[in-house]
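**Q** need a structure here:
(one chain, ligands or ions: 1)
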Amino acid sequence: MKSKVWIALLCAAFLCINCTPKHSDPAQARIDSLLKTMTIQQKIGQLNQLNAKCMSREQLIEKVQRGEAGCIMNVSDSLAYVLQQQALRYTGIPLLIARDMIHGYHTLFPIPLGQACSWDTALVREAARLSARETRRHGIGWTFSPMVDVVRDPRWGRVAESYGEDTYLTSVMGEQVVRGYQMEGLAATAKHYVGYGAAEGGRDYNTTWIPEVQLRNTYLLPFYRLIKCGCEAVMASFNEVQGMPLSANKHLLHDILRDEWKFDGVIDSDYGAIEQLVKHGVAADKKEATRLAIRAGVDMDMESHAYKKYLKELIDEGAIREADVDSAVKRVLQMKERVGLPLQPSVEEDYSAEAMELAGRLAAESAVLLKNNGLLPLSKQSGKVLVTGPLADSEGDQVGCWSPDYEAGHGITPLQAMQQRGRVVYSPGLRYSRDRNTRIIRDAVKAAYQADVIAYFAGEEQLLSGEAQSLADIRLREGQRQLLHALHETGKPIVLVIMAGRPLTIEDEMAYADAVVYAYHGGTMAGEGIARVLYGETNPCGKLTMTIPRHVGQVPIYYNHTNTGRPARQEPDIQAIPVGTKAHPAGAFSFYLDYGTKPLFPFGYGLSYTTYEYGSPVVR
Ligand code: BGC
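**A** Predicted structure coming up:
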């Protein structure tokens, strides 16, 4: 019987795959009557989110048959369909199959921080749509993105997943990503609610202290906007705000999300975040953590196994109301009804010509030209180009962080793209971004003497950015600086291309290069996109969405900080201060004596191969 109800619900869901999710009363009535037939264990099962990577196929199937999961994450293709069928057969309720798809499934687009530099919301939406299409093809109906944390600290490895430091731009980009997903029936998650990007010192998972006024002015707006455009879920973040971790934060989850904003979608915990309430020190044990989380409003438990273990006990003891569990289950069932739940493998292929073309275009439009003394664009007349550097031919690194479904051999690296365009000689210089092997540096230098131009692809391996990949030192790694200096000694003109997951402090390196392009990790087609820019096939149009500091000590540094009562009038010069000068030698202003106030490149910076004239606006 239940199975029939759900098949009817699924048909309805499929009919609205290509439109913004709608909520119909008959569906609500069906959910209500289904809820009445469910036992408390069945209800709790719906709130349990399991990671397929943590158990065997047999264990997974068994748990699904017993109705112990409402959602399985990190599973795709044939097993996803098997689980879906088993869920329907044994429980009558389909599963949510979820995956972290952050900037593409198989075809990887530039990391979000790169995409934002295109400032092209239509292109970003289309990339999201094509990514959703591939994702759904693998049986996945729900993804944990977009990440709309506003970020101001490049030490934090997760800036790669963000759209940069501006609240409005982050909101607009996030909205377009949600719309792109909706066009293909993929449910989105606005994460990480909230303030996760403000981690003290840029150290992942760290404490945040964000006054309400800053929460509202800076961090909350993107979530509000995404909810208003129908984003199906919100993920509560790991961090604490004002001493209360989000998984137990009634004020932020209940008072703001539910009461003030009327959000009726699913609030998901982050991975293991409910049990981490004990480590945070706000719950004595996992049982108390469970009580705090459900009472604060967390609907689904991602891999803490807390709801499954303690919810019934807490209801029996009267510590929580069954009605709270019912409300959470309803929201999960509503989500299952609203999103298309793929039931059949698709015959379409990934890496479609459309997706690959867009990936190349977005990679080109994300690249930011920071310096050009006339060396660019390259042409056939540029002569022989030495292609070098650890990122020159590393497909696995150029795709960037959060690329769990990456498959080697589909991408175009800078080396491959440059070889298609001109005379190229290749010497890696270093094997990977942290390498310090000077022997191969010597080979690159020898090759440089035989070339006319050097194209040096520097930056970070993909593993240096993303979750838990915080850095205290955000310079180019030592070996890469050595390689640059050695190449510079040859006297050959150098174009330096940075492929990284974050802004790096490259002030010293600027002087050693004739042209500099900041390309971030550009995805599957990064090489193609960069080569189009280097050869002038695409006029560089990327503009930074995150300030590049001169020195890590300036962080946090962002364009729209408030004035202070003593804004600096000029940049101080520490060397010019006469010995023996007493206090306030450069005036009592708000700056660093050694690094002033200005960044290396501000938000919005980016050159092109042409010039523009800005005039007064004319109303016609
Ligand atoms: C991350 C989330 C992610 C989740 C599931 C967590 O560690 O913070 O962004 O969606 O894992 O993979």
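**Q** ok, the residue of the stretch 251-400 of the chain found nearest the ligand - contacts?
**A** Using CB to the nearest ligand atom, the point where the stretch 251-400 of the chain gets nearest to the ligand is Y271, with a distance of 3.7 Å. Bear in mind the C-beta positions are built from the backbone N, C-alpha and C, glycine included. With CB atoms under 8 Å, 6 or more residues apart in numbering as the criterion, the residues that contact Y271 are N51, M302, E303.
**Q** tell me the contacts of the second one?
**A** I take that to be M302. By CB under 8 Å, 6+ apart, the contact set of M302 is Q49, N51, M73, D268, S269, D270, Y271, G272, A273.
**Q** what do you get if the cut-off is 10 Å, keeping everything else the same?
**A** Under the criterion of CB atoms under 10 Å, 6 or more residues apart in numbering, the contact partners of M302 comprise 48-51, 71, 73, 98, 144, 235-236, 247, 268-274.
**Q** rewinding a little: look at the residue of the stretch 251-400 of the chain closest to the ligand and give its secondary structure.
**A** Classification of Y271 using DSSP: H, G, I helix; E, B strand; the rest coil returns coil.
**Q** could you shift the numbering so residue one becomes 90, and keep it that way?
**A** All set: I'll call the first residue 90, so the last point we hit is now Y360.
**Q** find the nearest non-adjacent residue to the most centrally placed residue in the chain, please.
**A** Using CA atoms, centre = their mean, the residue of the chain that lies closest to the mean C-alpha position is E250, 1.9 Å off. Once flanking residues are discounted, E250 sits nearest to M236: 4.3 Å by CB to CB, 6 or more residues apart in numbering.
**Q** and the residue of the stretch 340-489 of the chain closest to the ligand, how close does it get to M127?
**A** Relative to M127, Y360 is positioned 26 Å away (CB to CB, to the nearest Å).
**Q** can you name the residues that contact L519?
**A** When contacts are counted by CB under 10 Å, 6+ apart, L519 touches 477-481, 525-527, 529-530, 533, 547, 566, 568-569, 571-572.
**Q** pLDDT value on it, please?
**A** Per-residue confidence at L519 stands at 98 (pLDDT).
**Q** which residues of this protein lie near the ligand?
**A** With the criterion set to CB under 6 Å from any ligand atom, the chain comes near the ligand through D189, F233, K280, D359, Y360, E556.
**Q** the first one and S165 touch, don't they?
**A** No: in this structure D189 lies outside contact range of S165 using CB atoms under 10 Å: 11.6 Å.
**Q** and for those two, which residues touch both?
**A** Jointly contacting D189 and S165 under the rule CB under 10 Å, 6+ apart are P493, D494.
**Q** what ranges does the stretch 140-289 of the chain have for its strands?
**A** Under the criterion DSSP state E, counting those that start in this stretch, the stretch 140-289 of the chain carries strands at the ranges 160-162, 185-188, 231-232, 278-282.
**Q** how about TSV for the ones you listed, with mean pLDDT added?
**A** Rendered in TSV, the data for the strands of the stretch 140-289 of the chain read as follows (pLDDT from 0 to 100):
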stretch	mean pLDDT
strand 160-162	98
strand 185-188	97
strand 231-232	98
strand 278-282	98
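**Q** make a markdown table out of the ones you listed and add mean neighbour count.
**A** Output for those, formatted as a markdown table (neighbours: other CB atoms under 10 Å):
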| stretch | mean neighbour count |
| --- | --- |
| strand 160-162 | 24 |
| strand 185-188 | 26 |
| strand 231-232 | 26 |
| strand 278-282 | 27 |
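**Q** for these, which one sits closest to K351?
**A** Of all those, strand 278-282 sits nearest to K351, with 14.7 Å by CB to CB.
**Q** gap between the closest one and the chain center?
**A** 11 Å (CA atoms, centre = their mean, to the nearest Å).
**Q** for I404, what is the enclosing helix or strand?
**A** Under DSSP states H and E, the secondary-structure element containing I404 is helix 395-405.
**Q** list the buried residues of that helix.
**A** A395, Y396, K397, K398, Y399, L400, K401, L403, I404 (16 or more other CB atoms under 10 Å).
**Q** same question, stretch 502-509
**A** Across stretch 502-509, burial judged by 16+ other CB under 10 Å covers T502, P503, L504, Q505, A506, M507, Q508.
**Q** list the contacts of that stretch.
**A** Residues from elsewhere that reach stretch 502-509, judged by CB under 10 Å, 6+ apart: 449, 452, 467, 474, 476-478, 480-487, 501, 513-515, 517, 544, 546, 586, 588, 608, 611, 614-621, 623-624.
**Q** check which helix or strand covers L459.
**A** Assessed by DSSP H and E, L459 sits inside strand 457-461.
**Q** continuing past that strand, what's the next helix or strand?
**A** Downstream of strand 457-461 (by DSSP H and E), the next one is strand 474-477.
**Q** pLDDT of the helix or strand following that next one, averaged?
**A** Scanning forward in sequence from strand 474-477 by DSSP H and E, the next helix or strand is helix 484-487. Per-residue confidence for helix 484-487 averages out to 98 on the pLDDT scale.
**Q** in the stretch 540-689 of the chain, which spans are helices?
**A** With DSSP state H, counting those that start in this stretch applied, the stretch 540-689 of the chain shows helices at 567-578, 596-599, 615-623, listed in chain order.
**Q** which SS state does V323 fall under?
**A** strand.
**Q** run a quick neighbour tally on it.
**A** By the measure other CB atoms under 10 Å, the count of residues near V323 is 27.
**Q** same deal with K376?
**A** Other residues lying near K376 total 18 when counted by other CB under 10 Å.
**Q** kindly report the same for I595.
**A** Per other CB under 10 Å, the neighbour tally for I595 reads 27.
**Q** so it touches A547, yeah?
**A** Yes: if you go by CB under 10 Å, I595 and A547 touch, sitting 8.6 Å apart.
**Q** joint contacts of these two?
**A** L565, R570, L573, L585, I587, A589, A602, V605.
**Q** show only the entries of those found in strands.
**A** With strands identified by DSSP state E, the entries of these that belong to them are L585, I587, V605.
**Q** identify the bridge partners of the first one.
**A** Partner residues in beta bridges with L585, using DSSP bridges, are Y545, V605.
**Q** show me the contacts for it.
**A** By CB under 10 Å, 6+ apart, the contact list for L585 reads 459-460, 478, 543-548, 565, 569, 573, 576, 595, 598-599, 601-607.
**Q** how far away is it from G463?
**A** As defined by CB to CB, L585 lies at a distance of 15 Å from G463.
**Q** likewise for the last one?
**A** In this structure, V605 and G463 are separated by 13 Å, where distance is defined by CB to CB.
**Q** any figure for the gap between the closest residue to the ligand within the stretch 190-339 of the chain and C143?
**A** Ranked by CB to the nearest ligand atom, the top residue of the stretch 190-339 of the chain for proximity to the ligand is F233, at 3.5 Å. Note on F233: its distance to C143, by CB to CB, is 16 Å.
**Q** right, I'll call it a day here.
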